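> with the input below, show me the fold.
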Amino acid sequence: MITNFFISELNNHDVQELWFQQDGATCHTARATIDLLKDTFHDRLISRFEPVNWPPRSCDLTPLDYFLWGYVKLLVYADKPQTLDHLEDNIRRRVIADIRPQMLEKVIENWTSRLDYIRASSGSPMPEIIFKM
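Have a look, this model is predicted:
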């Protein structure tokens, strides 16, 4: 998938300022995979044992985990896509394309308050938090 789709799709965009965040799952961090990602993102790679190390057990601190995946899943499956084309259309055109800078600013505000909580509590897990938009 990385070679046949992801990297070729990236070639259509300017990725000089783009960072890539990969989760810490060991199945996603094979040496060949990491080498491909390093060739594209250089030191802008967030992954296990790489230039920016993926924080362990970081679901409270990782916007992809505490916001994006749930948000995307909720909207992508809202109209119960029946075909792969419909699913892909929902992901690309209806959900990801509609994420606006203002929403991302709120995500970052929430992220900084999460960091403050973690610092103040000496790294204790966070209680249930409702993400506020």
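> low-scoring pLDDT stretches of the chain, where are they?
Flagging of the chain using pLDDT under 70 yields the residue ranges 23-24, 51, 53-60, 123-133.
> look through it and tell me its longest helix.
Using DSSP state H to define each element, the chain has its longest helix at helix 101-120.
> any idea how far that helix is from the chain center?
15 Å (C-alpha atoms, centre = their mean, to the nearest Å).
> neighbours around Asn90, how many?
By the criterion of other C-beta atoms under 10 Å, Asn90 has 19 neighbours. Where C-beta positions appear, they are placed from N, C-alpha and C, glycine not excepted.
> do you know how far the most centrally placed residue in the chain is from Arg100?
Most central in the chain under C-alpha atoms, centre = their mean is Leu64, positioned 3.7 Å from the mean C-alpha point. According to C-beta to C-beta, to the nearest Å, Leu64 stands 17 Å off from Arg100.
> again with Asn11
To Arg100, Asn11 is 26 Å away according to C-beta to C-beta.
> same check, this time on Leu61
Counting by C-beta to C-beta, the gap from Leu61 to Arg100 is 23 Å.
> which one's more surrounded, those two?
For Leu61 versus Arg100, neighbours defined as other C-beta under 10 Å are more numerous around Leu61 (15 against 9).
> which secondary structure element contains the more buried one?
Assigned by DSSP states H and E, Leu61 falls within no helix or strand.
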